[in-house]
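Enquirer: this is a predicted model, with the sequence first.
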Amino acid sequence: MPCRSASRRTVVAVVATTIIVVGCGPAITPPSPTPPSATSSAPSPTATPPPSIAGRDAPPDAVLAAEGGDAVTGQLGTYVWFGTGSDSPWLTGAPLTVGSGEPLSLKVVPEGRIATWEVRDVPAAAGGPEEARTIAKGTGVPAFEAPGPGLWTVEVTVDFDGGAGRAAYFWHLKVE
Amino acid sequence: MITQRRPQLRVASLLLVPAVMAALVSPATRIAAHSPDPALGGDTFAQDARLLYDWRSGATPPAAMRTAINAAAADVGETRASRAATFAYDANGGNPIGYGTGTCGVNGLACFTRDAPDGFTMWFREHGRVFDWGTLKWCQMYTDPPNGCYDVETIALDEFGHVEGLGHHVNYSDDSDYTDAVVQTYSRTKPKDGYNMHVLGVCDVAQLQIRYDIPGASSKYSTCLDVATVMTLSRSAASVVYGGNVTFTATLKVVTDTAYGRLSGNPVSGRAVRLQRRPPGTTTWTNFATMTATSPTGSYVVSSRLYSSAEFRAVFSTPTNEGLRGDGSPAVAVTVGSCTTAPCPLSTGR
């Protein structure tokens, strides 16, 4: 295991009579999680979700809209959701045109309560999270202002209430 | 409510975060950077469980990917530094790993299900699949892997980490700690730093140690942790004759705290523990002896003949190579009688 920024110290030798032998634990009986079918859209959950989100096998959709504007469903990126998860790259995002500094708000549909959230943006041409900057974060309903004029990728990371999971959603903002 | 980024918090205080973050309202409760990977919900597997997987019927990964997945399973066993489950291929394993179209959502490279303590599944998207974000390239499918490919072994190690119960690591804003975890929200592609990590990172290991415990009392704690210890000290006698022998016994343990999970209350053996003394009524401690670890129960012992009264304490200094915080015991006093048999020193010495 790497130990970064650590200098070695001499440690007093000790005779440990309890030795845990790696790999000698009991073999686990094969599980019976729901096998992912070749046509399903996401792994099946293995924990019991609360009633408000029962039946979902992936995080709910997230829609972003300016006041009075049409809501646009974001692209779902990396998530963990109860006993399942999916790893995705940084995405380009669903297209949405807004005005500079315009207030934007996010809703999850059909339903879902958000504990905490964070919004990051990066110029759309960047193509990755390396230059991303946090522009807002908070609790409850996500709300933030559109960045300055230009093309942006906006990532909204949401932690769902009750430990249900965490998901990243993406939009490609054309800011006028 | 919109807030600004808050200062990072100490790891010790963060250990509670996954459990309480939903209940608190302050944005400061969001998991700060460089803490142990968050814990996924659900149970853990049995300590040191050996989880056997096989290839999903009709969806067997190509040979090059099978080799890399098997290597990732070995990586877990070699670098878990904990009693987390291990993984191995078995033709009748029963925990299927598949490859091909379908599953993993619209944009996923790979995905998992976990049903601890019973089992898991895993899936890898097919090489060459065209997504909105680009074409999926697995490095192991090339003789000369191109830039932009994903390392199968790294991605599989990430997925095995999820199966163990690890959530995505939260990095510093500049990602300078990226290689402290392989379980990442965004895996990197060749040739970016960390794209081909074949070991669990210190912050992956930290959460594994919390959830599964360390292998033994003398094992190192991940440097991604900041675990408080508590030292106690006892002596065989509170008063002895001049030159009498006294045995000091110190005990070093991890502080009992539910935030530490399976590490709570652990005995800590094999560390450097010093016995210090000071004359009664003074404040300056001086090193007196090195205490010897005697067992995996966290006990350290030293015996000495005493020629003057003194107070003693045992000290474990914070090490720089692991995630333990040092502690010193409360002082204990030993009263030594006067010298009655010549030759006696002019002044009391040791």
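Expert: It's in.
Enquirer: hey, let's count contacts and neighbours off CA atoms from now on
Expert: Will do.
Enquirer: next up, the contacts around residue A:62.
Expert: Shown in contact with residue A:62 (C-alpha atoms under 8 Å, 6 or more residues apart in numbering or on different chains): A:73, A:74, A:106, A:107, A:108, A:109, A:169.
Enquirer: what's across from it in the sheet?
Expert: Beta bridges link residue A:62 to residue A:108, judged by DSSP bridges.
Enquirer: ranges for the strands of chain A?
Expert: A:61-66, A:72-73, A:75-81, A:84-87, A:94-98, A:103-109, A:114-123, A:133-139, A:143-145, A:150-160, A:165-175 (DSSP state E).
Enquirer: which one of those strands is the most hemmed in?
Expert: Highest mean neighbour count of these: strand A:84-87, a mean of 30 (counted as mean count of other C-alpha atoms under 10 Å in any protein chain shown).
Enquirer: quick one: is that one near chain B?
Expert: Yes - counting by C-alpha under 8 Å from any C-alpha of the partner chain, chain B is contacted by strand A:84-87 at A:84, A:85, A:86, A:87.
Enquirer: which pair in those residues spans the largest distance?
Expert: The span of these, defined through C-alpha to C-alpha, is set by A:84 and A:87 at 10.5 Å.
Enquirer: so what sits against both of the two?
Expert: residue B:111.
Enquirer: hmm, who's touching the helix or strand in which residue B:229 is found?
Expert: Secondary structure from DSSP states H and E places residue B:229 in strand B:227-235. The contact list for strand B:227-235 (C-alpha under 8 Å, 6+ apart) reads B:12, B:246-255, B:260, B:313-316, B:323-332.
Enquirer: those residues in strands, which ones?
Expert: Among those, the members found in strands (DSSP E) are B:246-254, B:313-316, B:324-325, B:327-328, B:332.
Enquirer: chain A next: which of the residues you listed are close?
Expert: Residues of the ones in strands among the contacts of strand B:227-235 in contact with chain A (C-alpha under 8 Å from any C-alpha): none.
Enquirer: select only the buried ones of those residues in PyMOL?
Expert: Typed into PyMOL, the line below selects the buried ones among those, using 16 or more other C-alpha atoms under 10 Å in any protein chain shown:
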select buried, chain B and resi 246+248+249+250+251+252+253+254+313+314+315+316+324+325+327+328+332
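Enquirer: could you chop chain B up by domain?
Expert: Segmentation of chain B into domains, based on automatic domain parsing, reads B:33-212, B:227-336.
Enquirer: the residue lying closest to residue B:161 once chain neighbours are set aside: neighbouring residues, count only.
Expert: Closest residue to residue B:161 apart from its sequence neighbours, by C-alpha to C-alpha, 6 or more residues apart in numbering or on different chains: residue B:183 at 6.4 Å. Neighbour count of residue B:183, defined by other C-alpha atoms under 10 Å in any protein chain shown: 29.
Enquirer: got phi/psi on residue B:183?
Expert: Residue B:183 adopts backbone torsions of phi -80, psi 90, taken as degrees, to the nearest 10.
Enquirer: how much space between it and residue A:127?
Expert: Separation of residue B:183 from residue A:127 (C-alpha to C-alpha, to the nearest Å): 21 Å.
Enquirer: pLDDT wise, what is residue 84 at?
Expert: If you meant another chain, say so; for now it's chain A. We have a pLDDT of 94 for residue A:84.
Enquirer: correction: the question concerned chain B.
Expert: Confidence at residue B:84, expressed as pLDDT, is 98.
Enquirer: check contacts around it.
Expert: Residue B:84 is in contact with B:45, B:46, B:47, B:48, B:49, B:164, B:208, B:209, B:211, B:212, B:213, counting by C-alpha under 8 Å, 6+ apart.
Enquirer: with residue B:220 instead?
Expert: B:214, B:322, B:323.
Enquirer: could you count how many residues lie near residue B:235?
Expert: 18.
Enquirer: so where do the strands sit in the stretch 1-150 of chain B?
Expert: With strands called from DSSP state E, counting those that start in this stretch, the stretch 1-150 of chain B shows them at B:50-55, B:86-89, B:95-100, B:110-115, B:119-125, B:130-131, B:134-135.
Enquirer: ok now the first one, how far from the chain's centre?
Expert: How far strand B:50-55 lies from its chain's middle: 25 Å, per C-alpha atoms, centre = their mean, to the nearest Å.
Enquirer: and if you look at the longest one?
Expert: Using C-alpha atoms, centre = their mean, the distance from the centre of strand B:119-125 to the centre of the chain it belongs to is 25 Å.
Enquirer: parallel or antiparallel, list what pairs with that strand.
Expert: Its sheet considered, strand B:119-125 pairs with strand B:95-100 (parallel), strand B:110-115 (antiparallel) by DSSP bridges.
Enquirer: comparing those, which comes out most buried?
Expert: Of all the strands paired with strand B:119-125, strand B:110-115 has the most neighbours on average by mean count of other C-alpha under 10 Å, namely a mean of 28.
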